[in-house]
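1. Below: sequence and its predicted model.
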Amino acid sequence: MSLILGIETSCDECSASILIHEGGGYSPVSTSTFSQIELHQPYGGVVPEVASRNHLEQIDPIIWDALQKAKVEIADLDAIAVTNRPGLIGALLVGVTAAKALAYVAGKPLVPVHHLEGHLMSAFLKSPKTGAPKIEFPAVFLLASGGHTNLHCVEIPPESWAPTLLSDSLAGSSMDDAAGEAFDKSAKILGFPYPGGKWIDLEASKGGNPSAFDLPRGLKQKDSLSFSFSGLKTAVALLVQRLAKEGVLQDALPDVCASVQEAIVDPLVRKTLVLQKMKGAKSVVVVGGVAANSRLRARFSSDSPVPVIYPDLQYCTDNAAMIAAAGAIRYAQGYGLMPSDFLRLNAFAIAEH
Ligand code: KG4
Ligand code: ZN
């Protein structure tokens, strides 16, 4: 059994979590998260300098809160795990510096974590409602967040993941905007607050017709596992302009949102299932903020021949429990760093997989 503190500050969530790793299970004991969404909303997106400054204010109380909620002392920890790549560099540095200071003072090993490995691990976290997830391998992972859209084919359970897992398993990714970014940019054009994915979802659910408007699908070739969403925002802007000019935009909003949503969800579902079939995968796992989308879930449940697994909603968006879980596997494999190594540890905005 090991007790891990996870720290996540790569974008606009400041989060700390205490997790127990035991017998191949990953149980979050406490997770404390401060979301900066309201701070960035007036700007329509994340402002990096605002993010770093706020992480600096939040990081100590958030770590303290997670420890207190779990009734854990720093001395009880086996290791400290922290996201050190990829993300906003100023934001990452706050988490990495806090983790280094804490690990140094407490004499604990430090485990650097790749944020995307954290997202993959979010699917293995034990849920208070549904217990431990049952993921059969090979499994296809769709990682769809505000910053990334990746397809991974994972052959083995996390305990045996090599440090090169992300690059070894990568089967496809977006060539331009991420799926969440496509939702957010379209939502901005439609006048919804940041982040707009959930507003498009909500508006579409008011009886919107997904095929009301024909919006472009990038890289339609049957066997392509790459995504492209950058053409969508121009098409949405032109459509909104035309409907506004005709004075029918307000009434057409559910149809517009359902069509935009379909233009993003359709390639996500189709390409994930192409990979599932190609690899004979026994399960599909969907992680990242876009996993919350109701149309995506409906499409997978009608189209997928194998079980589709989602993390609890609280673990879909950025959180430190998934970082603690990714750190736990690396710690168990002997990748915990001691001060002579971790004092040189840096943060990286863009990391090679
Ligand atoms: O995983 P996440 O916190 O982002 C990164 O780590 O980058 O996910 C945030 C993204 C945002 O783009 C947000 O609009 C999107 O997830 N999102 C949704 C929904 N809920 C959140 N997109 C579509 N439908 C939703 N219901
Ligand atoms: Zn993320």
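-> Okay, I see it. Ligands and ions are numbered 1, 2, ... in the order given.

2. top helix in this protein by residue count?
-> helix 249-279 (DSSP state H).

3. Counting by contacts, list what that one packs against.
-> The criterion is 3 or more Cβ pairs under 8 Å, 6 or more residues apart in numbering; DSSP states H and E, and the helices and strands that helix 249-279 contacts are strand 139-144, strand 149-154, strand 170-173, helix 179-189, helix 197-204, helix 230-245, strand 283-287, helix 294-303. Any C-beta I mention is one placed from the backbone N, CA and C, and that applies to glycine too.

4. so of those, which one's packed in deepest?
-> Comparing those by mean neighbour count (mean count of other Cβ atoms under 10 Å), strand 139-144 ranks first with a mean of 27.

5. Output that strand as PDB - backbone C-alpha positions only.
-> Only the C-alpha atoms of strand 139-144 are listed here, as PDB (Å, rounded to 0.1, in the frame of the first residue of the first chain):
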ATOM      1  CA  ALA A 139      -8.600  -0.800 -24.600                       C
ATOM      2  CA  VAL A 140      -9.000   2.200 -26.900                       C
ATOM      3  CA  PHE A 141      -8.800   5.600 -25.000                       C
ATOM      4  CA  LEU A 142     -10.300   8.800 -26.400                       C
ATOM      5  CA  LEU A 143      -8.800  11.700 -24.600                       C
ATOM      6  CA  ALA A 144     -10.900  14.800 -25.500                       C
END
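
6. what angle do the longest helix of the chain and helix 294-303 make?
-> With axes from the mean of the first three to the mean of the last three Cα atoms, to 10 degrees defining the directions, helix 249-279 sits at 40 degrees from helix 294-303.

7. about what we covered before: can you redo the helices and strands packed on helix 249-279 as a markdown table, where the extra columns are mean pLDDT?
-> Converted to a markdown table, the helices and strands packed on helix 249-279 look like this (pLDDT from 0 to 100):
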| stretch | mean pLDDT |
| --- | --- |
| strand 139-144 | 98 |
| strand 149-154 | 98 |
| strand 170-173 | 97 |
| helix 179-189 | 96 |
| helix 197-204 | 98 |
| helix 230-245 | 95 |
| strand 283-287 | 98 |
| helix 294-303 | 98 |
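
8. Export the ones you listed to CSV and append columns for distance to residue 96.
-> CSV is the format used below for these (distance: least, Cβ to Cβ, whole Å):
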stretch, distance to residue 96
strand 139-144, 22
strand 149-154, 23
strand 170-173, 25
helix 179-189, 24
helix 197-204, 28
helix 230-245, 31
strand 283-287, 23
helix 294-303, 33
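
9. coming back round to it: what angle do the longest helix of the chain and helix 179-189 make?
-> Using the same axes, to 10 degrees, helix 249-279 lies at 170 degrees relative to helix 179-189.

10. Give me the contact status of helix 249-279 with ligand 1.
-> No - against ligand 1, helix 249-279 shows no contacts by Cβ under 6 Å from any ligand atom, the least distance being 7.4 Å.

11. how far does that helix sit from the chain's center?
-> 19 Å (Cα atoms, centre = their mean, to the nearest Å).

12. Stretch 18-25 now?
-> With Cα atoms, centre = their mean, you get 21 Å for stretch 18-25.

13. which residues sit in contact with the closest residue to residue 236 other than its chain neighbours?
-> Here the nearest residue to residue 236 in space, its sequence neighbours aside, is residue 186; by Cβ to Cβ, 6 or more residues apart in numbering that works out to 4.7 Å. Residues near residue 186 by Cβ atoms under 8 Å, 6 or more residues apart in numbering: 196, 200, 232, 233, 236, 260, 264.

14. Give me the buried positions along the longest helix of the chain.
-> 249, 252-269, 271-276 (16 or more other Cβ atoms under 10 Å).

15. Can you get me a residue count around the closest residue to residue 255 other than its chain neighbours?
-> Spatial nearest neighbour of residue 255, chain neighbours left out: residue 212 (3.6 Å); criterion: Cβ to Cβ, 6+ apart. Applying other Cβ atoms under 10 Å, we find 15 residues neighbouring residue 212.

16. On the three-state scheme, residue 212 is what?
-> The three-state label given to residue 212 by DSSP: H, G, I helix; E, B strand; the rest coil is coil.

17. now swap in residue 7 and tell me
-> Per three-state DSSP, residue 7 ends up strand.

18. gap between it and residue 224?
-> 37 Å (Cβ to Cβ, to the nearest Å).

19. who's more crowded, the two?
-> Neighbour totals were compared for residue 7 and residue 224, and residue 7 leads with 29 against 15 (other Cβ under 10 Å).

20. what bridges to that one?
-> Residue 7 has these beta-bridge partners by DSSP bridges: residue 16, residue 82.

21. Domains in this protein, by residue range?
-> 2-129+312-342, 171-309 (automatic domain parsing).

22. Endpoints of the longest one, how far apart?
-> Okay, so that is domain 2-129+312-342. 20 Å (Cα to Cα, to the nearest Å).

23. cool, stretch 111-126 as well?
-> This stretch, stretch 111-126, spans 21 Å end to end (Cα to Cα).

24. ok so, going back, now do the longest helix of the chain, average pLDDT.
-> Across helix 249-279, pLDDT averages out at 97.

25. How about stretch 205-223 and ligand 1, touching?
-> No - shown here: stretch 205-223 not in contact with ligand 1 (Cβ under 6 Å from any ligand atom), separated by at least 9.7 Å.

26. Just say helix, strand or coil for the one residue in the stretch 251-353 of the chain that gets nearest to ligand 2.
-> Here the stretch 251-353 of the chain gets closest to ligand 2 at one residue, residue 318, 4.4 Å apart by Cβ to the ion. The three-state label given to residue 318 by three-state DSSP is coil.
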